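# model the following, please.
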Amino acid sequence: MSVPSQKPDLEDTINVSDTHGRLVREAAATAREKRVSENGLEPVSLWVFVVCGAVLLVAGGILGGGGNLFAYGSTFRPAYVRAEPGGGEAAGVMPKPALAAYSTKGARIYSARCQGCHGPDARGDGANYPSLAGSDWVTGNTQILAMIILNGLQGPTSTGKTYGAGVMPPQGAGMSAADLAGLMTNLRNNFGNDTGDVITAEMAQAALDNSAAREKAGQPMTSEELTSVHSQPLPGEPLDPAAMVDPISLSPAP
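Numbering: from 1, shown residues only. Modelled structure (predicted):
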C-alpha cells in the first residue's frame with residue numbers, strides 16, 4: 001500500500017523561483033502603498049522649513065531697523081572704552097611691599113636650589129650640611145653671602161666647623177640679578193633670620209660682576225678669602241622694605 005505524498009502536486013509549467021520572486025515584489029509594493037505612520041513620527045514637510053525661514057528673515061529685517069542689525073557702526077557707540085572693573089586696579093597683578101615680593105621670589109629659588117641640602121627649614125642636618133638659620137655669613141656682610149651662593153664653599157664655615165659634605169657646589173649658573181636678590185632677601189629674612197633689609201637687583205648685579213672678575217673664577221670660596229676680601233656690604237642704593245614693587249619684575253610700582 002503506497003503512502004500519499006505531502007508535497008503539492010505542481011505542474012511542470014510552474015517556475016517556483018520566478019513565482020516566489022514576483023510575490024515578494026508585490027508584497028513590498030503593497031506595503032509601500034499602504035504604509036501607516038505612527039502618530040507623532042511623521043516626517044516634517046519641506047514647506048514648513050521654507051515658511052519658517054521666510055518668517056525669520058522678515059522679523060530680522062524689522063528688528064534690525066531696516067537692515068542695520070549687523071552693521072557695526074550703528075550697533076556700537078563711537079569712541080567706546082570699556083569701563084575699569086570695580087574693586088581695585090585695572091592691572092591684573094597688584095603691587096606688593098618690596099620685602100614680601102623679593103622674599104616670595106627667593107623662596108621659589110631656595111626650594112629649587114638649596115632645600116635639597118639645607119632642608120625646608122634651612123637648618124641642615126648638623127653633620128653634612130650647615131644651618132643657614134642664625135649664620136653670621138647669612139645675616140652679616142652681604143658680599144660674603146653673595147660670593148658663597150655664586151661660587152660655593154670648601155672648608156670650614158663661619159663657626160669654624162668643616163661639614164661632612166666637604167664642598168658646597170656653586171649655585172650661580174643661570175642665576176639672574178633678580179634671582180640672586182630674591183634668594184638673599186629670603187635667606188636674610190626667614191628661617192629665624194630677621195635683618196629687615198632688601199637686597200636689590202642692583203646690589204645683586206654688583207655681586208655677579210665681582211664673582212666674574214674673581215681671580216679663582218669657578219672655584220669654591222674659602223673662609224680665608226671670604227673674610228679677607230669680601231667682608232663688606234654690596235654697593236647700591238638701599239630700598240625701603242615697605243616700598244611697593246611689581247611682584248614679578250620687582251621694579252618699582254607706578
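# now do the strands in the protein.
Taking DSSP state E as the test, the strands found in the chain are 96-97, 153-154, 167-168, 244-245.
# of all these, which one is nearest residue 178?
Of all the strands of the chain, it is strand 244-245 that lies closest to residue 178, at 10.9 Å by C-beta to C-beta. C-beta coordinates here come from the backbone N, C-alpha and C atoms, glycine included.
# now that closest one: average pLDDT?
This predicted structure assigns strand 244-245 an average pLDDT of 96.
# got a list of contacts for it?
Residues outside strand 244-245 that contact it (C-beta atoms under 8 Å, 6 or more residues apart in numbering) are 95, 96, 97, 98, 101, 102, 251, 252, 253.
# in space, what's closest to residue 107 - neighbours in sequence excluded?
residue 186 (5.2 Å; C-beta to C-beta, 6 or more residues apart in numbering).
# and the one you found, how far is that from residue 246?
According to C-beta to C-beta, to the nearest Å, residue 186 stands 17 Å off from residue 246.
# more neighbours, these two?
Comparing residue 186 with residue 246 by other C-beta atoms under 10 Å, the one with more neighbours is residue 186, at 25 against 16.
# who touches that one in this structure?
So residue 186 contacts 102, 103, 104, 105, 106, 107, 109, 110 (C-beta under 8 Å, 6+ apart).
# before we move on, what about residue 219?
Residues near residue 219 by C-beta under 8 Å, 6+ apart: residue 151.
# all helices of this structure, in order?
Per DSSP state H, the chain carries helices over the ranges 16-33, 46-63, 72-75, 98-113, 115-118, 136-139, 142-151, 177-188, 201-212, 223-229.
# least reliable of these by average pLDDT, please.
Note on those: lowest mean pLDDT is at helix 72-75, with a mean of 56.
# so what's the residue count around the closest residue to residue 205 other than its chain neighbours?
Take residue 205 and drop its neighbours on the chain: the residue closest to it by C-beta to C-beta, 6+ apart is residue 177, 4.1 Å away. For residue 177, the neighbour count with other C-beta under 10 Å is 19.
# for residue 241, what are its contacts?
Here residue 241 is in contact with 97, 98, 99, 196, 197, 198 (criterion: C-beta under 8 Å, 6+ apart).
# can I assume the second one is in contact with residue 196?
Yep, that's residue 98 we're talking about. No: contact criterion C-beta atoms under 8 Å: residue 98 and residue 196 do not qualify, at 11.4 Å.
# so what sits opposite residue 154 in the bridge?
residue 167 (DSSP bridges).
# the closest residue to residue 191 other than its chain neighbours and residue 242, how far apart?
Distances taken as C-beta to C-beta, 6+ apart place residue 122 nearest to residue 191, at 3.9 Å, with adjacent residues excluded. Note on residue 122: its distance to residue 242, by C-beta to C-beta, is 25 Å.
# looking at the two, which is more packed in?
The neighbour count for residue 122 versus residue 242, taken as other C-beta under 10 Å, is higher for residue 122 (24 against 10).
# ramachandran angles for that one?
phi 60, psi 20 (degrees, to the nearest 10).
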